[in-house]
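> everything below, folded, please.
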Amino acid sequence: MTVPSRWEQGHHGYGARFAQLLKDGVDITGEARLADTLLPRGGTVLDAGCGMGRIAAALEAAGHDAYGVDLDAELLEQAGRTYPALPVAELRLEDVSPDSLAAQEFPTSYDLIVCVGNVMVFLAERSERNVLRALRSVITDRGRLLVGFHQGGVNPASRSYPAEEFIADAEASGWQLESRFATYDLRPEPGEDSFFVGILRAA
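Next comes the predicted model:
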């Protein structure tokens, strides 16, 4: 039986908020600039928990082969309207595998997996290692994972996820931490919101 994610149990207005930010001309792709530096030119990238597609679309615009997966059909519909050329598919992150991606006619391995926008704090309870193992199964030998989230959660539906606990989960799931920061522009010291940005490679 599939356990509902924290996202499914309580979130409000995410798509509408980012649609308005995009309409207002606000920069909503800062994570993509860091992701771009981690990719070879024309690299293959999977946006895991892509939502309305903002990061994958920015990486596609930068010349990469970008794909997105998410469990939220409404956000994927928004992605299709906003970025019609972006390939997206409805797929739970714990179900990511070479076979499940091949069934969507997506590549089965990636130079980079991007998992940002607080995806990790909205996963189903006790599913974190399953998700991290699933993502590990579709990374190239030299590929990396970019992840970012608020360690204290962002609303009552999300969880608190200290960086040290995440790193332990990642190491138990076949990843090794390469570097960590507090922001996507690589500031080393955490601010008041205790944000964590991690770059990991396959162990």
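> where along the protein do the strands fall?
Under the criterion DSSP state E, the chain contains strands at 44-48, 65-70, 88-90, 110-115, 139-150, 175-181, 195-202.
> for those, which one ends up most surrounded?
Among these, judged by mean count of other CB atoms under 10 Å, the one packed with the most neighbours on average is strand 44-48 (a mean of 27). Any C-beta I mention is one placed from the backbone N, CA and C, and that applies to glycine too.
> please pull out the lowest mean pLDDT helix or strand from this protein.
The helix or strand of the chain with the poorest confidence is helix 14-23; it has a mean of 59 (mean pLDDT, DSSP states H and E).
> low-confidence ranges in the protein?
By pLDDT under 70, the weakly predicted segments of the chain are 1, 6-29, 190-193.
> spatially central residue for it, please.
Taking CA atoms, centre = their mean as the criterion, residue 115 is the residue nearest the geometric centre of the chain, at 1.7 Å.
> how many other residues sit next to the residue lying closest to residue 5 once chain neighbours are set aside?
Take residue 5 and drop its neighbours on the chain: the residue closest to it by CB to CB, 6 or more residues apart in numbering is residue 124, 4.4 Å away. Residue neighbour count, defined by other CB atoms under 10 Å, stands at 20 for residue 124.
> for residue 125, same thing?
A count of neighbours around residue 125, defined by other CB under 10 Å, yields 11.
> can you show me the helices along the chain?
Counting by DSSP state H, one finds helices in the chain at the ranges 6-9, 14-23, 30-37, 54-61, 73-82, 98-103, 128-136, 163-172.
> which of these sits most buried?
Comparing these on average neighbours per residue, with mean count of other CB under 10 Å, the densest one is helix 54-61 at a mean of 23.
> now do that one against strand 65-70, angle only.
Between the axis of helix 54-61 and that of strand 65-70 there is an angle of 170 degrees, by axes from the mean of the first three to the mean of the last three CA atoms, to 10 degrees.
> helices or strands up against helix 54-61?
Applying 3 or more CB pairs under 8 Å, 6 or more residues apart in numbering; DSSP states H and E, we find helix 54-61 packed against helix 30-37, strand 44-48, strand 65-70, strand 110-115.
> okay, how far is it across stretch 92-106, tip to tip?
By CA to CA, to the nearest Å, the extent of stretch 92-106 from end to end equals 15 Å.
> work out the gap between it and the centre of the chain.
The gap between the average C-alpha position of stretch 92-106 and the chain average comes to 15 Å, counting by CA atoms, centre = their mean, to the nearest Å.
> want to throw the helices and strands packed on helix 54-61 into a markdown table with distance to residue 189?
Shown next, in a markdown table, are the helices and strands packed on helix 54-61 (distance: least, CB to CB, whole Å):
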| stretch | distance to residue 189 |
| --- | --- |
| helix 30-37 | 17 |
| strand 44-48 | 27 |
| strand 65-70 | 31 |
| strand 110-115 | 23 |
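> out of the ones you listed, nearest to residue 87?
Each of the helices and strands packed on helix 54-61 was scored for nearness to residue 87 using CB to CB, and the closest is strand 65-70 (5.0 Å).
> direction included, what does that closest one pair up with?
Here the strand partners of strand 65-70, with direction, are listed using DSSP bridges: strand 44-48 (parallel), strand 88-90 (parallel).
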